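**Q** generate a structure from the sequence data that follows.
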Amino acid sequence: MNDSHRPPVRYTSETPVNLPANRREAEYYSDAFVEFLSQLQVDYVFLLPGSSFRGLHDSLVNFGRNHKPQLIMAPHEQVAISMAHGYAKATGKVGVCMVHNMVGLMNGSMAIYNAFGDHAPVMVIGGSGPFDPADRRWIDWLHCANQQSEIVKPYVKWADDPPTGQSTLDALARGYKAAMTPPTGPVYVTVDCAVQERLIEGNLRMPDAKTWQIAPPVAANPDALAKAAEVLLAAEFPLIVGGRFGINPASTAPLLELVELTGAAYQDDLGIVAFPTGHRQNLSGDRSVVKEADLVLAIDCRDVSSLLDAYTGEKKEVGVGRDRAGRKVVDMSLNDMAWTSWSYLEGSQAPIDIQISCDPLLGMRQLADAVKQRLGSDAAAHARIEKRKAMLAERHDRLRARQRENVRKGWDDQPITPARLVSEVYDAVKDKNWLLAVRNQSSFPEGIWQFTGAGQYLGHNGGGGVGYGPGAAVGAAIACRDSGKLCVGIFGDGDFVMSATAIWTAAHYRTPMLAIINNNTTWGNDEKHQIEVAGDRKRPAENAWIGQRMVDPDINHAMTAKSYGAWSAGPVTDPAELAGVLRQAIAEVEKGAVAVVEVRTKLV
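**A** Numbers count the residues shown, from 1 in each chain. Just a heads-up that it's a prediction; the model follows:
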């Protein structure tokens, strides 16, 4: 099915009318809050409307003129926060969203946890109150809490429930600094609805930039750098693993220099891409490398134990890879400055021989300088490095050949293999200025999509919460619309069905993007778990689909997308038709549409 429906053009812009020609001075505290957000260079505020921030909503429209910040409406709090999350990762700026008191905050709490796990700088502003019982209507009693921030305090970087107009301004300033200071992360600020609607009394002090400016990057300890350079150059088979900094395009150059200087093998950490796919020291996808390496340098990796092969699918083997004899581990990150005792998202404690706590970009440059200094007095090291590079190049070529061969397995199968889907999408966009905002994690074939370095893929959602993909892709697409890139999102049918309403936001705000639904009609990860449990218990695996498959009736996601105002195609079932449908979809995106392609895929 190929549906070329286009909605009638009614929306031009959400420009307020009947406002005075000249902007007035702030009258209400909510006006001052909007003025400060503008000083922070906040371009967008993502929200689902709510009465607890009605004063702030009015100020954004009738005082701020819905311009820098502009309101972006989403139909669910989780979607709105995911949009702010995706926007923050695509721009490097703070993503700002507003949620309605307790009910909105609880609805959006999973998205906040995703941002927390992803170290995404998101500022969540929650309407609440009134704090003063004398100001409360009957509905306010139902939606008021003593310290509303307690709902999310375990998984935000900082939170506050300020009681006055001045303290709210100060909290927004401090929240911005906390969110944007590495290691970055989400913050939450309660904004009392009665305070929002109150006229400004007396002198209101706008926070000075000195109170919210971000400190310079943290440098590495010189002794730790010297030790790291020594063990890197002494290793027989060093491995460098790149992590979260992979969303920043500026990371590519210093990472390339360090990998090439040391002649190390390279791999991307789980759920990120930081290094050119075609570079011949890149062995991403070769699971045996970490077992062979006698030195592992982990740079900005969240769970170092995981990349050391500490956990496996076999319960009896959990932890066996963590303490491999003879292997040295160097961790360059700010992980020790981001601890939380509430969640185990950082993994188990890894055996680290050398800890370098610093900003990863600055640390890589410093470490490269330390390596150069040692190389200057070690002529034999150059020969070892060049010999290792030649070995890695041959291994890289063999690995990529195997990966290409694996993608061809089942190439013409129906349902379509996820590997063919990804391959066809890449072929369709490879000559465009693209950004991959979201991708399926476990079924994404390594080595096929050719990344030229960091900043081309925005990485995993951080907290493992399904429903992140559509909202995050739309938030990234808004950033791409402003920068002239083609935003691509590939997400599963479960992810889409939870947050499909994000497509309405993209269509409404004329945000071009290409969305691909990898639809295997089941909660695939969990169906595979049921198969595993049945096997362990010697029970029939044929029953694993029960309580998992979204069939009878099948959901037509393409039709759903159409109803939200997108151009849509699918469900595509014939692999021979896929390339043509994708070409048509991209043509629609280049004309300004939101294009959604649903593809029926097999569970792998």
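**Q** stretch 279-291: which residues count as buried?
**A** The neighbour-count check on stretch 279-291 (16 or more other Cβ atoms under 10 Å) flags 279-286, 289-290 as buried. Where you see a C-beta, it was placed from the backbone N, CA and C, and this is true even at glycine.
**Q** ok, now how distant is the closest residue to residue 443 other than its chain neighbours from residue 34?
**A** In space, and not counting its chain neighbours, residue 443 is closest to residue 418: 3.8 Å by Cβ to Cβ, 6 or more residues apart in numbering. Distance, residue 418 to residue 34, using Cβ to Cβ, to the nearest Å: 45 Å.
**Q** can you check residue 508 too?
**A** 22 Å.
**Q** the more surrounded of these two?
**A** residue 34 (25 against 17; other Cβ atoms under 10 Å).
**Q** now that one: which helix or strand?
**A** helix 29-39 (DSSP states H and E).
**Q** what packs against that helix?
**A** For helix 29-39, the elements it packs on are helix 54-58, helix 165-180, helix 193-196, judged by 3 or more Cβ pairs under 8 Å, 6 or more residues apart in numbering; DSSP states H and E.
**Q** for residue 224, which of those helices is the nearest?
**A** Proximity to residue 224 (Cβ to Cβ) singles out helix 165-180 among the helices and strands packed on helix 29-39, at 25.7 Å.
**Q** would you mind confirming that residue 571 makes contact with residue 556?
**A** Yes. Counting by Cβ atoms under 8 Å, residue 571 does reach residue 556; the two are 6.9 Å apart.
**Q** give me the common contacts of those two.
**A** Each of residue 598 lies in contact with both residue 571 and residue 556 under the rule Cβ atoms under 8 Å, 6 or more residues apart in numbering.
**Q** between those two, who's got more neighbours?
**A** Neighbours were counted for residue 571 and for residue 556 using other Cβ under 10 Å; residue 571 has more, 22 against 17.
**Q** who are the contact partners of that one?
**A** 1, 519, 556-558, 598-600.
**Q** any of the residues you listed buried? List them.
**A** 519, 556-558, 598-600.
**Q** max pairwise distance over the residues you listed: which two?
**A** 556 and 599, at 12.9 Å, using Cβ to Cβ across the buried ones among the contacts of residue 571.
**Q** what is the least confident helix or strand in the chain?
**A** strand 2-3 (a mean of 45; mean pLDDT, DSSP states H and E).
**Q** my read is that residue 194 contacts residue 129, right?
**A** Yes. Between residue 194 and residue 129 a contact is recorded at 5.8 Å, counting by Cβ under 8 Å.
**Q** tell me which entries of the contacts of residue 571 lie within helices.
**A** The helices, defined by DSSP state H, take in 557-558 from those.
**Q** what is the nearest of the contacts of residue 571 to residue 101?
**A** Distances from residue 101 to these, taken by Cβ to Cβ, are shortest for residue 557, at 32.3 Å.
**Q** and the closest one, what's its pLDDT?
**A** Note on residue 557: pLDDT of 94.
**Q** swap in residue 415?
**A** 95.
**Q** next up, the contacts around the nearest residue in space to residue 100 that is not next to it in sequence.
**A** Counting by Cβ to Cβ, 6+ apart, residue 100 lies nearest to residue 50, which is 2.4 Å off, once chain neighbours are set aside. By Cβ under 8 Å, 6+ apart, the residues touching residue 50 are 98-101, 104, 127.
**Q** so for residue 50, what's the pLDDT?
**A** 92.
**Q** before we move on, what about residue 470?
**A** So residue 470 comes in at 96 (pLDDT).
**Q** which strands or helices does whichever strand or helix holds it pack on?
**A** In this structure, residue 470 is located in helix 468-483 according to DSSP H and E. Packing partners of helix 468-483 (3+ Cβ pairs under 8 Å, 6+ apart): helix 77-91, helix 109-117, strand 434-438, strand 486-492, helix 493-499, helix 502-508, strand 513-519.
**Q** who wins for proximity to residue 140 among these?
**A** helix 77-91 (18.8 Å).
**Q** and the closest one with helix 165-180, angle?
**A** 60 degrees (axes from the mean of the first three to the mean of the last three Cα atoms, to 10 degrees).
**Q** quick one: mean pLDDT for helix 77-91?
**A** 97.
**Q** follow-up on the earlier one: need the helices and strands packed on helix 468-483 in CSV with distance to residue 155, can you?
**A** CSV is the format used below for the helices and strands packed on helix 468-483 (distance: least, Cβ to Cβ, whole Å):
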stretch, distance to residue 155
helix 77-91, 12
helix 109-117, 4
strand 434-438, 21
strand 486-492, 23
helix 493-499, 19
helix 502-508, 22
strand 513-519, 28
